[in-house]
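1. Only the shape, not the letters, is given here:
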Ligand SMILES: Cc1cc2nc3c(=O)[nH]c(=O)nc-3n(C[C@H](O)[C@H](O)[C@H](O)COP(=O)(O)OP(=O)(O)OC[C@H]3O[C@@H](n4cnc5c(N)ncnc54)[C@H](O)[C@@H]3O)c2cc1C
């Protein structure tokens with residue numbers, strides 16, 4: 001029986017394991033892909049304190065090694081269900097059933113993609129899902145943002161202060177954000193809003209060079225920021241854990257869920273800002289809550 005099973009060994013889950021091991025709790029991390037989470041393929045992280053310029057793999061490996069050296073156990077498996085028993089919890093994978101006194105769900109989220117043929121190959125070569133993270137790489141260049149919600153609008157405003165020209169491309173005629181934000185966007189001289197349009201082609205020669213819209217108009221851009229939403233990895237928990245309308249686990253800064261002894265950390269919970277710094281912060285809080293729960 002483990003004290004804590006952490007589902008997901010991204011930055012949130014790994015950080016939680018460090019805090020738990022420093023408190024001598026018996027910890028198992030289970031991750032479908034090994035360790036590291038979304039950040040693993042990122043070439044450069046510039047917004048995490050004390051590590052400017054670090055690449056995602058090194059960043060994730062540093063946390064992984066720290067957790068492993070402290071004695072955290074790892075299993076590379078996909079969790080398919082969790083069961084809340086009276087005195088303990090069960091975590092089910094294809095091949096195993098693990099038992100624990102508490103669980104931390106840190107399953108993160110994945111970005112919704114446009115589903116264009118060469119999209120995956122261009123991630124990090126002109127395609128980005130994070131303006132705050134990657135915007136500076138496109139200083140004084142022309143870029144586009146696709147999406148019409150608050151994140152897309154915030155991204156376009158943010159990029160307008162760095163880039164030469166920003167196109168905001170949205171599939172229908174309504175931008176969904178606060179009036180104030182939309183007004184700010186419209187006040188930017190270097191932003192062009194293109195409504196009722198979809199991107200039908202990514203034109204690239206190793207790196208992204210242009211995008212083609214469904215009216216066949218071609219826009220020469222060095223960067224395309226995709227902000228059409230994220231999909232949390234929470235479907236398997238929906239019968240037990242309260243989710244919001246978008247599938248995120250309902251929680252707050254305390255990282256608790258509706259089930260006693262089950263905590264949540266990182267991108268997979270309801271929150272305003274999904275970044276490394278908030279994921280690692282959640283990991284620390286969820287672990288501390290777990291420790292209090294176990295000690296009481
Ligand atoms: C391309 C890219 C670049 C980014 N750049 C930056 C940046 O520069 N700075 C920054 O602050 N943020 C950046 N981010 C955001 C940052 O990566 C996330 O905020 C952070 O990784 C969230 O950590 P997490 O641990 O909550 O979730 P994740 O990193 O999503 O990790 C979740 C883990 O859970 C595992 N998992 C999911 N479901 C299951 C299951 N059923 N069974 C087992 N395992 C499961 C996954 O395999 C994954 O490893 C970037 C994101 C992307 C995609």
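-> Structure received. Note that the coordinates shown come from a computational prediction; the quantities given were computed from them, not determined experimentally. Numbers count the residues shown, from 1 in each chain.

2. distance of the residue of the stretch 51-200 of the chain found nearest the ligand from residue 196?
-> Nearest residue of the stretch 51-200 of the chain to the ligand, counting by C-beta to the nearest ligand atom: residue 108, 1.9 Å away. Placement of C-beta: from N, CA and C, glycine included. Note on residue 108: its distance to residue 196, by C-beta to C-beta, to the nearest Å, is 33 Å.

3. Counting neighbours, go ahead and name the busier of the two.
-> residue 108 (25 against 12; other C-beta atoms under 10 Å).

4. contacting residues around the more buried one?
-> If you count contacts by C-beta atoms under 8 Å, 6 or more residues apart in numbering, residue 108 has them with 8, 10, 12, 37-38, 232-233, 266-268, 279.

5. Show the backbone phi and psi for it.
-> phi 60, psi -160 (degrees, to the nearest 10).

6. pLDDT score for residue 47?
-> Per-residue pLDDT puts residue 47 at 89.

7. Just confirm residue 281 is within a helix.
-> Yes - membership of residue 281 in a helix is supported by DSSP: H, G, I helix; E, B strand; the rest coil.

8. thinking again about what came up before, in strands, which of the contacts of residue 108 appear?
-> Judged by DSSP state E, the contacts of residue 108 include residue 232 as members of strands.

9. Just the buried positions in stretch 151-169, please.
-> By neighbour count with 16 or more other C-beta atoms under 10 Å, stretch 151-169 contains the buried residues 151-160, 162-163, 165-169.

10. anything in it near the ligand?
-> No - if you take C-beta under 6 Å from any ligand atom as the test, stretch 151-169 misses the ligand, and the best it gets is 12.3 Å.

11. Run through the bridge partners of residue 205.
-> With beta bridges defined as DSSP bridges, residue 205 has these partners: residue 207.

12. And the helices in the protein, which stretches?
-> 11-22, 56-69, 131-134, 150-160, 179-187, 276-295 (DSSP state H).

13. Which secondary structure element of the protein has the lowest mean pLDDT?
-> In the chain, no helix or strand scores lower on mean pLDDT, DSSP states H and E than helix 131-134, which sits at a mean of 86.

14. who in the stretch 101-250 of the chain is up against the ligand?
-> Counting by C-beta under 6 Å from any ligand atom, the stretch 101-250 of the chain sits next to the ligand at 106-109, 111, 129-130, 133, 233, 236.

15. Out of these, give me the two with the largest separation.
-> 133 and 236 (28.0 Å; C-beta to C-beta).

16. what ranges of the chain fall below the confidence cut-off?
-> Judged against pLDDT under 70, the chain has no low-scoring part.

17. for it, which strand is longest?
-> strand 97-105.

18. Strand partners (parallel or antiparallel) of that strand?
-> By DSSP bridges, strand 97-105 pairs with strand 2-7 (parallel), strand 89-93 (antiparallel), strand 262-264 (parallel).

19. Go through those strands and pick out the most buried.
-> Highest mean neighbour count among those (mean count of other C-beta atoms under 10 Å): strand 262-264, with a mean of 28.

20. For it, report the contacting residues that lie outside it.
-> 82, 84, 89, 102-106, 240-241, 249, 251, 255-257, 282, 286, 289-290.

21. Can you tell me which of the residues you listed are buried?
-> Neighbour-count burial (16+ other C-beta under 10 Å) applied to these gives 82, 89, 102-106, 241, 249, 251, 255-257, 282, 286, 289-290.

22. from the residues of the stretch 101-250 of the chain next to the ligand, which is closest to residue 212?
-> For those, the nearest to residue 212 is residue 129 (20.4 Å; C-beta to C-beta).

23. I'd guessed the closest one sits against residue 111; true?
-> Yes - Residue 129 is within contact range of residue 111, at 4.3 Å (criterion: C-beta atoms under 8 Å).

24. Now for the two: what residues contact both?
-> What both residue 129 and residue 111 touch, as defined by C-beta under 8 Å, 6+ apart, is the set residue 226.
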